[in-house]
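*Asks:* have a look; sequence and predicted model below, questions after that.
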Amino acid sequence: MRIGTLPSGDSIHRYEKCIVVPFKGLRRVLSTCALNGGYQEGLTAVFNNDINPGAGMECRMRAPSYEAHLALTAEALGLDPATAAGMSTAASMENVSIRTEQSGATAVTAVVTGGIEVNGGRVGDPASWDEAVGQGMPSAAGTINIMLFFNVDLTPGALARALVTCTEAKTAALQELLAPSRYSTGIATGSGTDGTIVASDRTSEICLTNAGKHSKLGELIGKAVKAAVREALRRQTGLSPELQHHVLRRTDRFGITELSLWEAYAQGPGRLSRAEFSEKLDCLCRQSRLVAQVSLYVHLLDQLQWGLLEPKEAHEAGCELLTKLQKSDVDGSVALPPGNEEAAELRDRTDMLMVMVRELAGTLNRLLD
C-alpha cells in the first residue's frame, strides 16, 4: 500500500514487511547499504526491510551473506537488484515515522524506523567482532534506519555532508532521550547496525552545495530527522521522556537495576517479598524529587568519566547528593507510632532508598578507584 508521497513526487510504499521508494526520475544517492551502497547515480529504488520473523524469534536472512539477502529481497519486492539499494532492521515497518520540513521550495523528508533498547551503543565502545581477522558480523536486534529525501539536487559533497548532519541529528535525539549503551556505561550515539540512505533529485533546477548546521538545509535535516527518530522509537518500544522519567531508566547503564537492588535488599532484614519489593520500588522510582536527584547524581558520574570533574570534586558532590537522598524520606517518620501502617510503609520505602544510596555510592567509588 502507498503510505505517502514525497515532495519530489516519489511514492512511499509498504508491503512484504518493507518500506519501498521507487524513483520517478534521476536521483543522486549516498548510502551505507551493503547492496549498491556508496555514491550512486543510476539507482531506480531504495528500500528498508524488516528482517524480524516475529517477537522472540531470531532474525534470519534469505541468503548466507547480507548483500545476497538484500538482492533476494529486492527481487521479491519486484525491484531490479542491480539498481536498488536496501538495508535491513529488526524494527517493524508498521512503526515507521515520516516527517517533512520545508523552507521555500526546499523540502526534506525523513523516513525512519528504529529500535535502540537492545543494541544501543556509544561510539568507541568495545567491539564485538573483527572482520580483519575473519570474524563475521553477528545479527543483533535494534537498528535505526533512516531514509532522507530532498526535492532539490545536491552536489556530491553536499550529499555527503547531509549524511553527516543526519547522523548528528540522530545522535542528538538519542542523547535527549538518554538512551543507554548496552556495551558500556555511556549514553548511546546509535545502534551498532544503523543504516542511512540520502537521496536528492537530479532533475531539480535547484542545486544546493552545503548541508552543514549553519545552512537552512542543515536546519531542515536536523529538525526532520530528530522528530522522526524520536517518533519511531516511541512507536517501536515506547522510548520517550515519559518512559525515561524513572530512576532505574537513568541508572541501569551503570548496573543499578531492579534485580541488583533486590539482591542487595534481600541480604538485609527487610520484610518485603520479591513481588512486593518490585511494586513498591516502581512507585518509589517514579517520584519526581527522586528522579531529579538521581539524574543529577548520574550526570555527575558521566562528567567524572568524561574528565570534566576531578575525582575529589566528584566525590564531594556525590556525598552531598547522597546525603540529600537519605534525608528525603526521613522527615515526618518520628511523628508516626511504631505500629502504624503508614510507619511500616515509610520504613519499607526508607529501606529501599538506603539500598539505592549504597548502590549509587558503590558505583561512584568504583569509578574513583
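*Replies:* Everything's here; your move.

*Asks:* any figure for the gap between the closest residue to Thr83 other than its chain neighbours and Asn145?
*Replies:* Distances taken as CB to CB, 6 or more residues apart in numbering put Thr44 closest to Thr83, at 4.3 Å, once the chain neighbours are dropped. For the C-beta atoms, the positions are set from N, CA and C on the backbone; glycine is no exception. Thr44 sits 20 Å away from Asn145, going by CB to CB, to the nearest Å.

*Asks:* and Gly190, by the same measure?
*Replies:* In terms of CB to CB, Gly190 sits 11 Å off from Asn145.

*Asks:* which of the two has more neighbours?
*Replies:* Taking other CB atoms under 10 Å, Gly190 and Asn145 do not tie; Asn145 has more neighbours (29 against 24).

*Asks:* look up which residues are beta-bridged to the more buried one.
*Replies:* Asn145 has these beta-bridge partners by DSSP bridges: Thr113, Gly195.

*Asks:* domain-wise, how is the chain divided?
*Replies:* 2-238, 247-368 (automatic domain parsing).

*Asks:* deepest-packed of those domains, please.
*Replies:* domain 2-238 (a mean of 19; mean count of other CB atoms under 10 Å).

*Asks:* shared neighbours of Gly190 and Asn145, anything?
*Replies:* In terms of CB atoms under 8 Å, 6 or more residues apart in numbering, Gly190 and Asn145 are not both contacted by any residue.

*Asks:* hey, which helix is longest across the chain?
*Replies:* helix 341-368 (DSSP state H).

*Asks:* specify the beta-bridge partners of Val46.
*Replies:* If you apply DSSP bridges, the partners that Val46 bridges to are Val21, Ala85.

*Asks:* thought Thr32 was touching it, still the case?
*Replies:* No. Contact criterion CB atoms under 8 Å: Val46 and Thr32 do not qualify, at 11.7 Å.

*Asks:* any common contacting residues for these two?
*Replies:* Common neighbours of Val46 and Thr32 (CB under 8 Å, 6+ apart) are Ile197.

*Asks:* so where's the stretch 201-350 of the chain uncertain?
*Replies:* The model of the stretch 201-350 of the chain has pLDDT under 70 over residues 328-340.

*Asks:* residue boundaries of the helices in it?
*Replies:* 216-237, 241-244, 247-251, 258-266, 274-285, 288-306, 311-327, 341-368 (DSSP state H, counting those that start in this stretch).

*Asks:* dump these to CSV, plus distance to Gly104.
*Replies:* Below are the helices of the stretch 201-350 of the chain laid out as CSV (distance: least, CB to CB, whole Å):
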stretch, distance to Gly104
helix 216-237, 8
helix 241-244, 32
helix 247-251, 41
helix 258-266, 51
helix 274-285, 47
helix 288-306, 40
helix 311-327, 49
helix 341-368, 50
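
*Asks:* quick check: chain neighbours aside, which residue is closest to Val96?
*Replies:* Thr113 (5.2 Å).

*Asks:* enumerate every residue touching that neighbour.
*Replies:* With contacts defined as CB under 8 Å, 6+ apart, Thr113 is in contact with 19, 48, 50, 89, 91-93, 95-97, 143-145, 232, 236.

*Asks:* which pLDDT value belongs to it?
*Replies:* pLDDT for Thr113: 97.

*Asks:* again with Met147
*Replies:* Met147 is given a pLDDT of 98.

*Asks:* hang on, it in a strand?
*Replies:* Yes. Going by DSSP: H, G, I helix; E, B strand; the rest coil, the assignment for Met147 places it inside a strand.

*Asks:* gap between it and Ile51?
*Replies:* From Met147 across to Ile51, the span is 16 Å (CB to CB).

*Asks:* picking up where we left off before, of all the helices of the stretch 201-350 of the chain, which one is nearest Tyr15?
*Replies:* helix 216-237 (18.8 Å; CB to CB).

*Asks:* what residues are up against the most centrally placed residue in the chain?
*Replies:* Taking CA atoms, centre = their mean, the centroid of the chain lies closest to Ile116, which sits 4.0 Å from it. Contacts of Ile116 were listed using CB under 8 Å, 6+ apart, and they are 142, 144, 174, 179, 188, 190-191, 233, 237, 239.

*Asks:* report the two of those separated the most.
*Replies:* Gly190 and Thr237 (15.2 Å).

*Asks:* spit out the contact partners of Leu35.
*Replies:* Contacts of Leu35 (CB under 8 Å, 6+ apart): 67, 70-71, 74, 81, 84-86.

*Asks:* now it, which residues is it bridged with?
*Replies:* Under the criterion used (DSSP bridges), Leu35 bridges to Gly86.

*Asks:* also the one 4 residues further on?
*Replies:* Beta-bridge pairing for Tyr39 (DSSP bridges): Leu30.

*Asks:* which pLDDT value goes with it?
*Replies:* pLDDT at Tyr39 comes out at 98.

*Asks:* same check, this time on the one 4 residues further on
*Replies:* Leu43 carries a pLDDT value of 98.

*Asks:* just confirm it contacts Asn36, I think it does.
*Replies:* Yes. Between Leu43 and Asn36 a contact is recorded at 6.4 Å, counting by CB under 8 Å.

*Asks:* identify the contacts common to those two.
*Replies:* Joint contacts of Leu43 and Asn36 (CB under 8 Å, 6+ apart) are 83-85.

*Asks:* now these in TSV, with distance to Arg271 and pLDDT?
*Replies:* Output for those, formatted as TSV (distance: CB to CB, whole Å; pLDDT from 0 to 100):
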residue	distance to Arg271	pLDDT
Thr83	68	98
Ala84	63	98
Ala85	60	98
